[in-house]
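Participant: Provided below are the primary sequence and the corresponding predicted coordinates.
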Amino acid sequence: MPQSPSRKTILMCPPDFFGVDYVINPWMEGQSGRADVAEARRQWLALKARVERHAEVLVLTPRPGLPDLVFTANSGLPRNGKVVIARFRFRERRGEEPFFRDWFETHGYRVIDPPEGLFFEGAGDALYDEALDLVWVGHGFRSDEAIAPFLEKALATRAVPLGLTDPRFYHLDTCFCPLPGGYLLYFPGAFDPAARATIEAIVPEDKRITADGAEAEDFCCNAVALDETILLNAASPRLRARLAQAGFTIEATPLTQFMKAGGAAKCLTLEV
């Protein structure tokens, strides 16, 4: 889909049928049936309003029985009119796949399936870094490591695999956020030693902004960067100061209902 050079387009899905109906990550444990749907809608609308100040928002139709359809980031990885579509590891989410496929096909994308037998959970585990012109690819819990070379070939973009080790940070976007200007916000504790070494080899030290464990548990890295504005659930005073020093403006908007299912700002959005 063509984009304005100055205004991004973001796909979101209203939380009409959102809830914690099963357990497929540590955040969901003990949360079954405990999501406040009315509060979730208020939080989602507040995030949408903030996104709309900086980007166009397109809306995917919610579907009953698919509570995680709201997490549009997991739908696939779009790039230059093509999209590598998601293949979910857990059966609970596989019902989302045809609706995501239909949306991309209807909007003119060439849909590319992952190789048979490989799991891939879209922009939850594959994050395009505009400044470095590469895709960071997380693996270890949801997406398979072998998806990285496939993405590199399918999308004609360098792909850098990163191993995840902490089950709380089961998707790359829960602990890693490329920012404009070559900056990176991430939680080093979520990665294996090889991944940490790779990050440090590619991203200069003065561009690496690290979150500690408590900050990461507030989903500070599950952020949406729109120009110099960063939208997220919460940020500590220390992190706010460091990001401000790098030239960024923080807009915190509570997303606590969605955190019960293991997601926040980035999970709820997909740049298309």
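Facilitator: Cool, the structure landed. Because the structure is a prediction, the values reported are computed rather than measured. Numbers count the residues shown, from 1 in each chain.
Participant: Surely Gly76 touches Arg87?
Facilitator: No. Between Gly76 and Arg87 there is no contact under C-beta atoms under 8 Å: 9.5 Å. For every residue, glycine as well, the C-beta is placed using N, CA and C.
Participant: which of those two has more neighbours?
Facilitator: Gly76 (31 against 22; other C-beta atoms under 10 Å).
Participant: which ones are touching the more buried one?
Facilitator: Residues near Gly76 by C-beta atoms under 8 Å, 6 or more residues apart in numbering: 83-86, 100, 104, 111, 122-123.
Participant: at 10 Å instead, please
Facilitator: Listed by C-beta atoms under 10 Å, 6 or more residues apart in numbering, the contact partners of Gly76 are 82-87, 97, 100-101, 103-104, 109, 111-114, 120-124, 126, 270, 272.
Participant: residues shared between the contacts of Gly76 and Arg87?
Facilitator: Shared contacts of Gly76 and Arg87, counting by C-beta under 10 Å, 6+ apart, come down to 97, 113-114, 120-122.
Participant: Low-confidence bits of the stretch 151-272 of the chain, can you list those?
Facilitator: For the stretch 151-272 of the chain, applying pLDDT under 70 flags no range at all.
Participant: Quick one: the strands in it, in order.
Facilitator: 158-163, 176-178, 184-186, 208-210, 224-226, 229-232, 249-252, 270-271 (DSSP state E, counting those that start in this stretch).
Participant: Out of the ones you listed, flag the one nearest Pro149.
Facilitator: Closest to Pro149 of the strands of the stretch 151-272 of the chain is strand 158-163 (C-beta to C-beta; 6.7 Å).
Participant: Which strands and helices lie in contact with the longest helix seen in the chain?
Facilitator: Secondary structure of the chain per DSSP state H: the longest helix is helix 37-52. Counting contacts by 3 or more C-beta pairs under 10 Å, 6 or more residues apart in numbering; DSSP states H and E, helix 37-52 packs against strand 8-12, strand 55-59, strand 224-226, strand 229-232, strand 249-252, helix 256-259.
Participant: Serialize those to JSON lines and add fields for distance to Lys153 and mean neighbour count.
Facilitator: Putting the helices and strands packed on helix 37-52 into JSON lines (distance: least, C-beta to C-beta, whole Å; neighbours: other C-beta atoms under 10 Å) gives the following:
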{"stretch": "strand 8-12", "distance to Lys153": "25", "mean neighbour count": "20"}
{"stretch": "strand 55-59", "distance to Lys153": "28", "mean neighbour count": "15"}
{"stretch": "strand 224-226", "distance to Lys153": "27", "mean neighbour count": "24"}
{"stretch": "strand 229-232", "distance to Lys153": "32", "mean neighbour count": "23"}
{"stretch": "strand 249-252", "distance to Lys153": "37", "mean neighbour count": "16"}
{"stretch": "helix 256-259", "distance to Lys153": "34", "mean neighbour count": "22"}
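Participant: wait, which of these is closest to Arg42?
Facilitator: In terms of C-beta to C-beta, the element of those nearest to Arg42 is helix 256-259, at 8.8 Å.
Participant: Just the ones of the shared contacts of Gly76 and Arg87 in strands?
Facilitator: Counted as lying in strands by DSSP state E, out of those, is not a single one.
Participant: which among the residues you listed gets closest to Leu151?
Facilitator: Nearest to Leu151 among those, with distances taken as C-beta to C-beta, is Phe120, at 8.1 Å.
Participant: That closest one against Ile147, yeah?
Facilitator: Yes. Counting by C-beta atoms under 10 Å, Phe120 does reach Ile147; the two are 4.7 Å apart.
Participant: What subset of the shared contacts of Gly76 and Arg87 is buried?
Facilitator: Buried subset of those (neighbour count, 16 or more other C-beta atoms under 10 Å): 97, 114, 120-122.
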